[in-house]
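A.B. asks: Here's a sequence, model it:
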Amino acid sequence: MSLDEPDAVAQATAANHFAADVYLGFETQTEPAALIQFYRVPSVESAGGRALAELIAEKFACIGELEPDVRGMRLPMLRETRMPAVQCVVGPVREAIDAGPAIAVAIIEALERWVSRST
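C.D. replies: Numbering: from 1, shown residues only. Predicted structure coming up:
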């Protein structure tokens with residue numbers, strides 16, 4: 001599968017096929033955003049996804065102008081993965097690229113904390 005596969009169902013299927021422990025998706029947009037999404041519907045939510053999303057948001061809050069918003073969503077890639085899944089939407093694109101190294105560090109630190117809480 002290509003690393004830039006736009007089909008959310010294909011992404012979820014690939015993650016499930018490889019028995020991934022966590023799914024992290026990234027998307028940029030032209031408007032200002034720092035949206036961290038996890039799976040939630042009225043009666044069910046992914047506890048692991050929510051915990052990871054909140055940790056990522058906490059780390060994103062330390063990056064420049066990013067004001068993260070955590071939301072439970074019913075998106076295909078969040079719904080169809082068997083593992084905890086989080087989708088990060090950041091923008092505008094130029095600012096996301098410029099903040100790329102800080103975003104990477106924030107994601108790594110959040111994952112490390114999430115894993116240490118899970119074990």
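A.B. asks: mind listing the strands for the chain?
C.D. replies: 23-28, 33-41, 44-45, 69-73, 85-91 (DSSP state E).
A.B. asks: if I look at the residue of the chain positioned farthest from its centre, how far off is Asp21?
C.D. replies: Relative to the centre of the chain, the most outlying C-alpha is that of Ser43, 21.3 Å out, by Cα atoms, centre = their mean. Computed as Cβ to Cβ, to the nearest Å, the Ser43 to Asp21 distance reads 25 Å. For glycine as for every other residue, the C-beta is placed from the backbone atoms N, C-alpha and C.
A.B. asks: Could you pull up the contacting residues of Asp21?
C.D. replies: When contacts are counted by Cβ atoms under 8 Å, 6 or more residues apart in numbering, Asp21 touches Met83.
A.B. asks: measure it to Val41 for me?
C.D. replies: Summarising the geometry, the distance separating Asp21 from Val41, computed by Cβ to Cβ, is 23 Å.
A.B. asks: what's the answer for Arg94, then?
C.D. replies: In terms of Cβ to Cβ, Arg94 sits 34 Å off from Val41.
A.B. asks: What of Leu55?
C.D. replies: Using Cβ to Cβ, Leu55 is found at 22 Å from Val41.
A.B. asks: Name the residue in the two with the higher neighbour count.
C.D. replies: For Leu55 versus Val41, neighbours defined as other Cβ atoms under 10 Å are more numerous around Leu55 (22 against 10).
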